[in-house]
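Q: Turn this into a structure:
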Amino acid sequence: METPSATDQIAERVERLLLRHAELQHANAVLAAQAAALTQERDALQARLSAARVRVDALLARLPVPAPTKEAA
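A: Sure thing, here's the model as predicted:
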């Protein structure tokens, strides 16, 4: 069995690099989709939190103001 020539070795290495490149592109696409989904979820949660704050503030505004008490000093 003869050893592969330098050209064959380079060609094999290039093939491996192309395969790895394709794998990394796929992984990057998956991660980008996950990041977009998480960003959308975060934005929705921030909107819900803001709406809840508005409702709490409205409820607090409706509470009666307590009458001042006379305290002996």
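
Q: Quick one: the helices in this protein, in order.
A: 6-62 (DSSP state H).

Q: middle-most residue in it, spatially?
A: Nearest to the geometric centre of the chain sits L38, at 3.7 Å (Cα atoms, centre = their mean).

Q: any idea how far N28 is from it?
A: Per Cβ to Cβ, to the nearest Å, L38 is found 15 Å from N28. Every C-beta, even on glycine, is put in place using the N, C-alpha and C of the backbone.

Q: Could you do A52 as well?
A: In terms of Cβ to Cβ, A52 sits 36 Å off from N28.

Q: circling back: what pLDDT does the residue nearest to the centre of the chain get?
A: Among the per-residue scores, L38 holds a pLDDT of 98.

Q: residues contacting R55?
A: Contacts for R55 (Cβ atoms under 8 Å, 6 or more residues apart in numbering) come out as none.

Q: Quick one, grab the pLDDT at it.
A: Taking R55 on its own, its pLDDT is 98.

Q: how much space between it and A61?
A: For R55 relative to A61 (Cβ to Cβ), the value is 11 Å.

Q: cool, L31 as well?
A: Using Cβ to Cβ, L31 is found at 45 Å from A61.

Q: More neighbours: which of these two?
A: Of the pair L31 and A61, L31 is the one with more neighbours under other Cβ atoms under 10 Å, namely 10 against 7.
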